[in-house]
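*Asks:* got a predicted model here, sequence first, then my questions.
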Amino acid sequence: MRKAFVIVSILSLVAFALQFVLAAVGAFTKPAGDDSYALHSVNGMMIIPVLSLFTILFAALAGAPGRLIGLTVLPIGLVVVQALTAMLANGSTDAAGVSGPFGLTIAGLHAVNGIIAVHVVVGILRAARQLANPAPADTIGVTVREGEPV
């Protein structure tokens with residue numbers, strides 16, 4: 001189960017990193033339409049939450065410490081914050097559909113939250129790898145200098 005935890009953590013990191021690519025695809029699609037961010041939305045609202053749930057499940061099944069299992073729950077909360085900031089930013093336009101300073105600020109927070117989520121997922125992956133390949137407990141690094149008794 002520990003290897004599965006590592007694999008699903010890798011897939012989760014890939015999905016989160018891909019989210020930035022898909023956001024750029026939406027931003028640079030010309031002419032921009034309602035479906036410009038469709039792939040970004042599908043990945044963020046379906047793929048990432050499912051992978052996040054699998055990460056929680058495999059962390060528990062792998063016998064991860066409680067703090068690590070708790071850390072695996074954090075991406076789900078950040079996904080909820082992402083959805084809320086996206087809705088708030090999109091809803092903060094005037095009658096002509098133009099974004100104001102408030103909506104643009106919220107959109108910026110949407111990006112910052114995404115960066116935080118990637119860092120959390122990187123931390124989960126590092127912890128999963130450490131759990132899967134722990135350092136041997138009986139090895140201690142010792143430097144012996146020439147001429148000193150051992």
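*Replies:* Perfect, I can see it now. Numbering: from 1, shown residues only.

*Asks:* and the residue nearest to residue 64 when sequence neighbours are not counted, how many neighbours?
*Replies:* Nearest non-adjacent residue to residue 64, counting by CB to CB, 6 or more residues apart in numbering: residue 131, 5.8 Å away. For the C-beta atoms, the positions are set from N, CA and C on the backbone; glycine is no exception. Taking other CB atoms under 10 Å as the neighbour definition, residue 131 ends up with a count of 19.

*Asks:* for residue 23, see how far away residue 131 is.
*Replies:* Using CB to CB, to the nearest Å, one obtains 31 Å as the distance from residue 131 to residue 23.

*Asks:* what is the one helix or strand residue 26 maps to packed up against?
*Replies:* When elements are defined using DSSP states H and E, residue 26 is found to belong to helix 2-28. With contacts defined as 3 or more CB pairs under 8 Å, 6 or more residues apart in numbering; DSSP states H and E, the packing partners of helix 2-28 are helix 38-42, helix 48-61, helix 101-132.

*Asks:* just the mean pLDDT for that helix, thanks.
*Replies:* Model confidence over helix 2-28 averages 96 on the pLDDT scale.

*Asks:* ok, stretch 123-143 next?
*Replies:* Model confidence over stretch 123-143, given as mean pLDDT, is 83.

*Asks:* quick check, distance from it to the centre of its chain.
*Replies:* The chain centroid and the centroid of stretch 123-143 are separated by 23 Å under CA atoms, centre = their mean, to the nearest Å.

*Asks:* for the helix holding residue 26, buried residues please.
*Replies:* Of the residues in helix 2-28, those buried by neighbour count under the rule 16 or more other CB atoms under 10 Å are 2, 4-6, 8-9, 11-13, 15-16, 18-19, 22-23, 26.
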